[in-house]
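*Asks:* Sequence and predicted structure below; questions after.
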Amino acid sequence: MLVGCLISMSFRRRLSLSIVLLALGLVVLVSTVYLRYLLRMQLQFALRQAELVAEQVQSATLESVRQQTEAQKFVSSGLAESREFWRRVVEEDAQLSEVLETALGSFDTIAEIAVTDEKGQMLLDTMGRQQWVNRAPLTDLAGRGFVAGLRAVYTPQRDYEVSRALGYEGQVVLVAHVVVSSALLRKQLDPQIRRLGAGAGLCMLVSLALAVAFSRIVFRPLDGLGKALERMTRGEFSASAPVSGAGGEEYQAITSKLSLLGQPIRDAWEGVSSLRGNVEQLMRKLEDAVLLFDGDDRLIIASAAAEAFLGRKRREIMGEKLAEIFPPETELGALVESAVRLRQPIEERLVPLSPDLEQAPRRPAQALLSVELMEDFSTHRSQGVLVVLRDAETRNQIHTQVEVCNRLTAISRLTGGVAHEIKNPLNAIALHLELLKNRVQAAEGQTPPELEVILRELARLDRVVKTFLDFTRPVDLRLSDVALPGLVEEIAALAGPEALARQVRIRVEDGSSGARINADRDLLKQAVLNLAVNGIQAMPQGGELGLAVTREGPQVELSVSDQGEGIAPEIRDKIFRLYFTTKEKGSGIGLAMTFRIVQLHNGTIDFSSEKGRGTTFRIRFPSMEAR
C-alpha cells in the first residue's frame, strides 16, 4: 500500500518524503541506541545503589550485634540462643533504625529496606510490615535485554530486591533486604526520555524544512514547464512558452519544443471540444446510464440518466475513479471490479441498487448491468471501460404489460365462442330459482338460508361471466368497504364442502386487526376462491389449507397456502398464462382470471412453492388506512 502511494505521488513529493523518511530513520536509530544506553545505565546504577545499601545495612547490623555482645558480655551457648540474641539486638537498636531511614531517603530508586530473620519474620522495616514478601532479584531486571527491560519498567509497578545474609557459624541468622520499585525507575527515566523526544522532534522539523527548501531549489526550473503544460490542458495556448535562463540549456530546449507542439495540440483540442459537444447532446437523450472510463479508470463521459442511477450530479463525478463511483463493498461495485480485474465482460446482469431516498428518491430498485472492456488489439492493453445501467423495473413492466395484453387478447377470442353456452343456462337457472323461492316462501313463510346462498352465488357467477365475456375492456368495479377477515370466512364456508370431501382442513388466521380495503367484493371473492379451490385440489390425500390476513405497513396481505406437491420450477413462469393447466379437466382460466382481478384492484400477486411441501399465494392490496 505504501509503495502504491509513493508511485501515485509527484516526484517532488517523493523526493521530499524520501529525505524526511531518511532523517526519521536516522533519528529513530540514534534515539533507540541512546535510549538503550540510558536504560542500561539506569538499571546498573539502581543495582549498584541497592547493593551498596544492602552492604551498608549488613555492616551496620553486624556492628550493632558486636557492640551489644561486648557491652552485655554475651557468651553463646548454641545457635538458637545466638539467633534470639541477634533478633533482640536488631529490634531494640534505635541507631540501626536511623541507618535504614537515612539510606532510604538518600537514594531515589529505593522503595523499602528491611531486616528479617531466616524465616522472613520482620525485625526492622521502613514500611512497618509484619512479614516479608519475596521479590524477584534486581539482577534479573538488570540483565534483561533492551525491549524486555523497557517493558518491565513501563508496565504496571513491580518491585525487585537485593538481599544480603548475615550468618553465625555458617548458618543464616538475619537477612538484609533492599527493594527497588519500577515506578521509581520510571520516574528517573521519564525526564531523560522527554528530552530525547524533544530533540528527536526538533531534528524532524529541521529535516522537513531542509527537504522542502531543497525540493524547491531543485524543481524551480520545472515549475515554468508545469505551468505551461497546465495551460495547454485547459486549452489556453500561446505562440511561445516563456523561456528562462535559470534552468540552463536543457530547460530552454524543452520550452522551445513545447512552443512547437502548441499549434497541433490546439487544433486537436478544438476537434475534441466539438466532438465532446456532439456526444453530450447524444448523452442527454439516452434513457440508460452510460459511463465511459479511460485507461486509468477515470470517468470521462457520463449520460444524463446516470444521475438517477447514482444519485449524484455529473459534474461531481467527472474525473473520479471507477472504484469511487462503484465502491467494491456493494454488490454492483463488486461485479464491476471483478469484470475489470478478470477481463470478463458482463451482459445485462440483474443487480440490486442500494436505496438512498435522500440523494436519489427516484432511483430504480434494480438495474441491468453491462460492462464492456476496450483494449488495444495489438498489445491487449486496457484502454477503457464502458459501464451501462438499464432500468430493470421498466423493462419488466413493459414485458409484463405485453404478456398481459397477449393473455387478454386470447381470453377475448375464447369468450366470444362460449358466451351463449354459459349465459342462457344461467338465466334459466336464475328464473327457476326465483320461482322456487316464491313457492317455498309462500308455503313456509320464509326463505331457507341455503336458497339465499345459492341465489347470491348465482348472481356473483353471472357478474363473473359478464366480466369474462369482455375481458379486454375496462370492468365497472362496484367498489365498497370490504373487511378482509369477514371475506375470508365466507370463502372458507364456500370451499368447506369440497374440502370436507377431500379430507382437507381449512385454517383461517387474522393477524390484521380487522384490515379493510376498497374493492369489488364479488370479484375479489371469486379471485380468492379460485386460489382456495386450486389449493384443495392440490391435496388429493388430504392436508391443511391456510387462509391468512396480515398487515405489512401500508399494505394488507391475503395468503392462501396448501400442503400439496408444489409447483415444478419449469412451469412456475407459466401458471398465470391463459389456458395453461396441469389438470386433466382444467380450463386454464382460473388463475388468469385471478391475476386480472388483482390487477383491477391495483394489487400484486406472487407465490412461493417447494416441491413436496406445498405452495403459498400472496395477494397484496393497499389498505384503506394508507390512502
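*Replies:* Received, thanks.
*Asks:* For the nearest residue to Gly120 once chain neighbours are set aside, grab the count of nearby residues.
*Replies:* Spatial nearest neighbour of Gly120, chain neighbours left out: Trp132 (4.2 Å); criterion: C-beta to C-beta, 6 or more residues apart in numbering. C-beta coordinates here come from the backbone N, C-alpha and C atoms, glycine included. Trp132 has 22 neighbours, counted by other C-beta atoms under 10 Å.
*Asks:* Verify the contact between Trp132 and Met122 for me.
*Replies:* Yes. Here Trp132 reaches Met122: they are 5.7 Å apart, a contact under C-beta atoms under 8 Å.
*Asks:* what residues do those two have in common as contacts?
*Replies:* When contacts are counted by C-beta atoms under 8 Å, 6 or more residues apart in numbering, Trp132 and Met122 are jointly contacted by 114, 116.
*Asks:* Please enumerate the strands of the stretch 51-200 of the chain.
*Replies:* For the stretch 51-200 of the chain, the strands defined by DSSP state E, counting those that start in this stretch occupy 110-117, 122-125, 136-137, 159-168, 171-181.
*Asks:* Just give me the lowest mean pLDDT stretch among those.
*Replies:* Ranked by mean pLDDT, those end with strand 122-125 at the bottom, a mean of 78.
*Asks:* what helices or strands is it leaning on?
*Replies:* Applying 3 or more C-beta pairs under 8 Å, 6 or more residues apart in numbering; DSSP states H and E, we find strand 122-125 packed against helix 79-92, helix 94-106, strand 110-117.
*Asks:* tell me the most buried of those?
*Replies:* strand 110-117 (a mean of 22; mean count of other C-beta atoms under 10 Å).
*Asks:* which other residues reach that one?
*Replies:* Contacts for strand 110-117 (C-beta under 8 Å, 6+ apart): 49-50, 53, 57, 61, 83, 87, 90, 96, 100, 103-104, 122-127, 129, 132, 159, 173-181, 184.
*Asks:* Apply 7 Å and report the result again.
*Replies:* 49-50, 53, 57, 61, 87, 90, 100, 103-104, 122-127, 132, 159, 174-181, 184 (C-beta atoms under 7 Å, 6 or more residues apart in numbering).
*Asks:* which residues does Asp606 bridge with?
*Replies:* Beta-bridge pairing for Asp606 (DSSP bridges): Arg618.
*Asks:* list the contacts for Asn518?
*Replies:* Contacts of Asn518 (C-beta under 7 Å, 6+ apart): 479, 481, 624.
*Asks:* Count the residues that sit near the last one.
*Replies:* Neighbourhood size, Met624 [other C-beta under 10 Å]: 14.
*Asks:* what's the lowest-pLDDT member of the contacts of Asn518?
*Replies:* Met624 (74).
*Asks:* can you tell me which residues contact that residue?
*Replies:* Met624 touches 481, 516-518, counting by C-beta under 7 Å, 6+ apart.
*Asks:* If any of those residues are buried, give me the PyMOL selection for them.
*Replies:* Here is the PyMOL command that picks out the buried ones among the contacts of Met624, judged by 16 or more other C-beta atoms under 10 Å:
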select buried, resi 516+517+518
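*Asks:* Please narrow the contacts of Met624 to those residing in helices.
*Replies:* With DSSP state H as the criterion, helices contain none of the contacts of Met624.
*Asks:* Can I get the contacts of Met624 in JSON lines including distance to Gly167?
*Replies:* As requested, these are exported to JSON lines (distance: C-beta to C-beta, whole Å):
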{"residue": "Asp481", "distance to Gly167": "108"}
{"residue": "Arg516", "distance to Gly167": "103"}
{"residue": "Ile517", "distance to Gly167": "103"}
{"residue": "Asn518", "distance to Gly167": "107"}
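*Asks:* want to throw the helices and strands packed on strand 122-125 into JSON lines with distance to Glu347?
*Replies:* Formatted as JSON lines, these follow (distance: least, C-beta to C-beta, whole Å):
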{"stretch": "helix 79-92", "distance to Glu347": "96"}
{"stretch": "helix 94-106", "distance to Glu347": "85"}
{"stretch": "strand 110-117", "distance to Glu347": "78"}
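*Asks:* which stretch among these comes nearest Glu557?
*Replies:* For Glu557, the closest of the helices and strands packed on strand 122-125 is strand 110-117, at 75.8 Å, according to C-beta to C-beta.
*Asks:* how deep is the nearest residue to Phe607 once chain neighbours are set aside tucked in, by neighbour count?
*Replies:* In this structure, Phe607 finds its nearest non-sequential neighbour in Phe617, 4.6 Å apart by C-beta to C-beta, 6+ apart. For Phe617, the count of nearby residues is 23 (other C-beta under 10 Å).
*Asks:* same check, this time on Gly143
*Replies:* Neighbour tally, Gly143, other C-beta under 10 Å: 12.
*Asks:* Please name the residues that touch it.
*Replies:* Per C-beta under 7 Å, 6+ apart, neighbours of Gly143: none.
*Asks:* got the phi/psi numbers for the residue nearest to Gly120?
*Replies:* Dihedral pair for Trp132: phi -80, psi 140, per degrees, to the nearest 10.
*Asks:* okay but it is in contact with Leu123, surely?
*Replies:* No. Using C-beta atoms under 7 Å as the test, Trp132 is too far from Leu123 to be in contact (9.5 Å).
*Asks:* Appreciated, that's everything.
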